[in-house]
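Student: build the 3D model from these lines:
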Amino acid sequence: MVRRTVGLTVVAVSLAMVGAHLTAQQSAPAAKAPAAAKSAPQPASATPLPRVAVTIVQIKPELIDEWQDFQKNETIPTLRKGGVTGRNAFVTAIGESFEYAFLSPVTSFADRDGDSPIVKALGQDGARAFGQKNRRFIAQQRTYVATVRTDLSYQPTPTANLPVVVVANYSIAAGHNTDFESYIKNDLTPAHKQMKTGGFVVQQALFGGDGNSFVVATLLPNFAELDKGPAVVRAYGQARAAAIQQKLAGIVTHVERTVVRMVPELSFQASRPTSDNR
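Tutor: Purely as a prediction, here's the structure:
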């Protein structure tokens, strides 16, 4: 799984972390331009798109129980002590076995110029001992940073409890990123609005992956929701959905879908955002 460009982003994206950014953009009143500048073109958004750091690990099957205890009893307290404000954990339910993804917000790349949170919490010697213990559990690991495309995402209720995520990882043909974005805006979003779903979050690889890759993470309240089928088919019917799929044939070179679920006991955050969205 680690070979995938933008796998679980998810993965699963973190509603508690990213939803606040989206809610702020959706609900903030537009600033009034001075009278003399009304005719001047204005930027589409003055708010930078949020970023998320993703670590995907595959755990050795024989060590999974011990690793989970290590995460709860040592890793989370150490990260908190080192200044990490939160992370959301996901496990693959349909896809690679024993695979977990951890998402944390990226406020600034400059933070990486200093000591890591593990070093801040434990010191250099303690961090080395921590790393040796942690590496014993890991079969494979990959990290990357993605941009959360809040301008393409649709979340009617960002704080809703939607722990199951269908992760569609799209590879886009060179020069067709804007075409794929048009599909999300003109085909996918209206279908989700019509069916009153929990929505979806879009991410795009920034570092550590292919910049022509997008993830569309569809948010579900439970696994039973999978039995209803895709929102595009339910909203438009089989014929129109097939036509949309045919249109994507010249835009999307490959798509891979997995299903993940959130793991609350391996997640933590400083606070939960509130929302007036309905």
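Student: so T258 bridges to which residues?
Tutor: For T258, the beta-bridge partners under DSSP bridges are V167.
Student: which stretches of this structure form helices?
Tutor: 15-27, 64-70, 76-81, 117-135, 177-183, 189-195, 231-236, 238-248 (DSSP state H).
Student: those helices: which one's closest to Y100?
Tutor: Evaluated over the helices of the chain, closeness to Y100 peaks at helix 64-70, with 8.9 Å, by CB to CB. No exception for glycine: its C-beta is placed from N, CA and C like everyone else's.
Student: okay if I get the helices of the chain as JSON lines plus mean neighbour count?
Tutor: JSON lines is the format used below for those (neighbours: other CB atoms under 10 Å):
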{"stretch": "helix 15-27", "mean neighbour count": "20"}
{"stretch": "helix 64-70", "mean neighbour count": "14"}
{"stretch": "helix 76-81", "mean neighbour count": "16"}
{"stretch": "helix 117-135", "mean neighbour count": "15"}
{"stretch": "helix 177-183", "mean neighbour count": "16"}
{"stretch": "helix 189-195", "mean neighbour count": "17"}
{"stretch": "helix 231-236", "mean neighbour count": "18"}
{"stretch": "helix 238-248", "mean neighbour count": "13"}
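Student: against N161, how distant is P264?
Tutor: Distance, P264 to N161, using CB to CB, to the nearest Å: 10 Å.
Student: redo the helices of the chain as CSV? Include distance to T143 and mean pLDDT.
Tutor: CSV is the format used below for the helices of the chain (distance: least, CB to CB, whole Å; pLDDT from 0 to 100):
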stretch, distance to T143, mean pLDDT
helix 15-27, 17, 41
helix 64-70, 17, 98
helix 76-81, 15, 97
helix 117-135, 14, 98
helix 177-183, 23, 98
helix 189-195, 30, 98
helix 231-236, 31, 98
helix 238-248, 29, 97
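Student: and those: which comes nearest Q58?
Tutor: helix 64-70 (10.4 Å).
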